[in-house]
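Visitor: the sequence and its predicted three-dimensional model are supplied below.
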Amino acid sequence: MRTSSCVAAVCVFSVALIAADNPFVGTWKLNTAKSKGTPGTLNKEETVVFEAVGDQINRTVTGVDPDGEPLNMSATIAWDGKEHKVETPNRPPVMVAVKSVNARRINVTVKAADGKVVSSGHVDVSKDGKTMTATFKGEDPKGRKFDNVEVFDRQ
């Protein structure tokens with residue numbers, strides 16, 4: 001019994017250390033002045049919160065989309081490079097694969113239910129940990145093609 005308690009404590013402590021070392025974990029706000037991309041496809045406002053949940057990461061997004069509609073979505077998945085089903089409000093579910101490239105970069109691929117890639121790109125956190133840059137190409141749910149670079153400031 002004592003051994004299993006020690007093992008459990010070490011596991012919890014290890015997850016906490018992983019979360020503490022993950023530069024993505026925290027709250028990020030879109031800097032619209034520094035972001036650029038295809039007109040009509042950039043969100044007007046966006047806040048992204050990354051939280052460690054065991055060996056997975058929860059990503060919550062709130063804000064206002066390009067058409068003035070509210071954004072409110074959340075999903076928890078492993079960043080293991082495998083596809084994970086993610087439910088999206090008012091839209092069909094998608095398959096999302098997130099792979100850590102290194103400590104400050106992840107690659108992300110989003111596929112529709114039919115297997116078609118709808119967006120792909122990468123997200124980088126700056127060396128000083130104050131800026132996150134998301135670079136993506138694809139097609140939004142309304143069929144608009146985009147090639148965007150979104151810059152976020154840590155809050």
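Guide: Now that the structure is in, tell me what you want to look at. Being a predicted model, the structure only gives us computed values, none of them experimental.
Visitor: so who does K127 touch?
Guide: Contacts for K127 (CB atoms under 8 Å, 6 or more residues apart in numbering) come out as R104. Backbone N, C-alpha and C define where each C-beta goes, glycine included.
Visitor: how about 10 Å then?
Guide: 23, 104 (CB atoms under 10 Å, 6 or more residues apart in numbering).
Visitor: now do the contacts for H84.
Guide: 56, 75-78, 94-98.
Visitor: try it again at 6 Å.
Guide: Applying CB atoms under 6 Å, 6 or more residues apart in numbering to H84 gives the contacts 77, 96.
Visitor: also I77?
Guide: Neighbouring residues of I77 by CB under 6 Å, 6+ apart: 56, 84.
Visitor: what's the weakest-modelled helix or strand in this protein?
Guide: Of all helical and strand segments in the chain, the minimum by mean pLDDT, DSSP states H and E falls on helix 2-21, at a mean of 44.
Visitor: direction included, what does the next helix or strand along the chain from it pair up with?
Guide: Next in sequence after helix 2-21, counting helices and strands by DSSP states H and E, comes strand 26-30. Strands adjacent to strand 26-30 in the sheet, as given by DSSP bridges, are strand 45-53 (antiparallel), strand 145-154 (antiparallel).
Visitor: buried ones in the shortest one?
Guide: Within strand 45-53, the residues that count as buried by 16 or more other CB atoms under 10 Å are 46-48, 50-52.
Visitor: the longest strand along the chain packs against which elements?
Guide: When the chain is parsed with DSSP state E, its longest strand is strand 91-102. Packing partners of strand 91-102 (3 or more CB pairs under 6 Å, 6 or more residues apart in numbering; DSSP states H and E): strand 80-88, strand 105-111.
Visitor: re earlier: what's the closest of the strands paired with strand 26-30 to G68?
Guide: Closest to G68 of these, according to CB to CB: strand 45-53, at 10.0 Å.
Visitor: ok, residues contacting the closest one?
Guide: Counting by CB under 6 Å, 6+ apart, 19, 24-25, 27-30, 57-64, 76 sit against strand 45-53.
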